[in-house]
Structure formats: structure tokens, C-alpha cells
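Asker: below is the sequence, then the predicted model.
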Amino acid sequence: MLLINQSMLWSLLAVTVVSAAVLYVLYHWLIPTAVQSSGWMALLWHDVIHERLLDIMTGTSRPQRMLKAVQKNATKGDPQSVISAIDYYCRHKEWAMNVGDDKGLILDSVLMEVNPSTVLELGTYCGYSTVRIARLMSPGSKLITVEFNPAFAEVARQIIAYAGLQDKVTLVEGSSGDLIPKMKERFGIKYFDFVFLDHWKDSYAPDTKLLEDCGLLKKGTVLLADNVICPGAPEYLKYVRNSPRYESRYYKSNLEYTKAEDGLEKSVFLG
């Protein structure tokens, strides 16, 4: 009986050791490698598994953890330090679906080329791209950013204020489809010089058509859409690339904080 128990014990120990070794290899090698090279693996791991685990373990949300990282590591009133703090946190601590540092440079370049007076951002999330855009806008310019999720909006307001950009930014909570028709009356906007699309990907095309119908785009307005490859916005790409009303160009880059392909689509409204 003792021999049987010892045999069972050794078998159980062997299974435990092998299982631990497999988990170690998965967590420290296979998962990071797959996540870095595959956009869908990155989204599955970071946006579904890892985020939920951290939410349970810490009792906080990812936006709240990013806000804490900003408050701890960034200089108040310094937008660039806020951006750097978020980028560092997302590369080394916890991934998040901001436009990120690589695509962020493309966003910066296009924005400086346009030098807009009026900007619409669809999808604020935690305010990373809002800060990135607002810091480059001229005094007296206006940025309206739309966020559907109230919890995200609450964190974004704090991050925008921490960067010292609250006077340049108007954050509006609600559905883009409901708010776009009210832009002229509510905010005195005639049209937007620049539109950054970074909300629900299946809303890109209908919201673009809604902006057209509401007369919020003028000849020369630039639309810049994020994540057109991963998760992807096929209907939007089909529309702007085939419509005679747009001249479009794809900027190849990487999904934020990974090596997987993603990119931005720049579309100039021709009237």
C-alpha cells in the first residue's frame, strides 16, 4: 500500500513539474512571441485574458491603472511627459489600445501638415490621442472628442487635465451617431479641418457618411483612421478608396506596442 502511494505521489509530482514547465514556456516564450507577431493574438491575450485577470486581481480597471501611471510618472502640465508615461506603461506593464508611439508619429506628422483649427476625434478612450493631438494645435483652435463609455470619459478628463490641455479640449459623452448631427448647433462648428477616427471600427463608414450629410466636411478636410488593418475597418477602406469624393493613402505601421501589422488611412475630402 505504501509503495502504491509513493508511486502515485511521484506520478503526481511529475505531472505537476511538467505542467509547470509547459505553463512557463507558454507564458514566457510562446505567448509573448505569438502576441508580438499576430494582431489577433495580441487582441485576444491583452484585451480579453490579461486585462480581465488584472481587473480581478487589482480591483481596478485598465484606464484607472493608466491614470495612476500618469499621476506617478508624468510631470503635471507637460503633455509630452504624459504621452511618454502612457507609452512606457503600455510597452512594459500593460498593453492598451491607444494609437501608440509608432503610429503616433504618423498622426503627429499628418496633423502638423494640416495645421487644423477645428478637430473632431471619435473615440477618446483614456485621452492618449486627445493629448497627442491637442498639444500640437495652435492657440484658439478647438478639439471636440467623443466617447461613448462614461467610465473611459471620466479617466480621460483627468488625464487631459493632468496634461494641462483642458482648455483646448471639449469631451462629449454619447454615441457618435447621435452627436454628429448636433455639432453645428451645439458647438457652433461650420466644418472640421481634421477628423481622427478611433472608435468602433464598424462605425467608421456610417459616421463618415453622416459627417458628409451634415455638411461637416469641407474640401481639403483630412480624415485619419486608426486600426484599419487590426482589428480592421474593411467597409470604411472600401468606401474611401473607391469614392470619387476622397483621395486616400495607407500608412503602414504596427499595431500599438507590438510588431503585428496595422496602419492608418489618410483620406482627403475632395468635396
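Answerer: The structure has been received and is ready for your questions.
Asker: what pLDDT, on average, does the helix or strand containing Lys72 get?
Answerer: Assigned by DSSP states H and E, Lys72 belongs to helix 62-73. The pLDDT scores in helix 62-73 average 97.
Asker: what helices or strands is that helix leaning on?
Answerer: helix 51-58, helix 79-92, helix 150-162 (3 or more Cβ pairs under 8 Å, 6 or more residues apart in numbering; DSSP states H and E). Just so you know, the C-beta spots here come from the backbone N, C-alpha and C atoms, and that holds for glycine as well.
Asker: by how many degrees do it and helix 79-92 diverge?
Answerer: 120 degrees (axes from the mean of the first three to the mean of the last three Cα atoms, to 10 degrees).
Asker: which parts of helix 62-73 are buried?
Answerer: 62-67, 69-70 (16 or more other Cβ atoms under 10 Å).
Asker: kindly report the same for stretch 196-214.
Answerer: 196-201, 203-208, 210-211.
Asker: quick revisit: who's in contact with the helix holding Lys72?
Answerer: 51, 54-55, 58, 60, 81-82, 85-86, 88-90, 93-94, 96, 125-126, 151-152, 155-156, 158-159, 162 (Cβ atoms under 8 Å, 6 or more residues apart in numbering).
Asker: ok, 6 Å please
Answerer: 51, 82, 85-86, 89, 96, 126, 152, 155, 158-159, 162 (Cβ atoms under 6 Å, 6 or more residues apart in numbering).
Asker: now do the helices in the stretch 101-250 of the chain.
Answerer: Remark: helices assigned in the stretch 101-250 of the chain by DSSP state H, counting those that start in this stretch are 128-134, 150-162, 176-179, 183-187, 204-213, 234-242.
Asker: tell me the most buried of the ones you listed?
Answerer: helix 128-134 (a mean of 26; mean count of other Cβ atoms under 10 Å).
Asker: measure how far that one is from the centre of its chain, please.
Answerer: Averaging C-alpha positions (Cα atoms, centre = their mean, to the nearest Å) puts helix 128-134 11 Å from its chain's average.
Asker: likewise stretch 123-136?
Answerer: 10 Å.
Asker: now stretch 51-59
Answerer: With Cα atoms, centre = their mean, you get 20 Å for stretch 51-59.
Asker: restricting to C-alpha, output that stretch in CSV.
Answerer: Taking C-alpha atoms only, stretch 51-59 is exported to CSV below (Å, rounded to 0.1, in the frame of the first residue of the first chain):
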residue,chain,number,x,y,z
GLU,A,51,-7.0,42.7,-18.8
ARG,A,52,-9.7,40.7,-17.1
LEU,A,53,-7.2,38.9,-14.9
LEU,A,54,-5.6,42.2,-13.8
ASP,A,55,-9.1,43.7,-13.2
ILE,A,56,-9.9,40.8,-10.9
MET,A,57,-6.5,40.8,-9.1
THR,A,58,-6.3,44.6,-8.5
GLY,A,59,-10.0,45.6,-8.2
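Asker: enumerate the positions of that stretch that are buried.
Answerer: 51, 54.
Asker: what about that stretch, average pLDDT?
Answerer: For stretch 51-59, the per-residue pLDDT averages 88.
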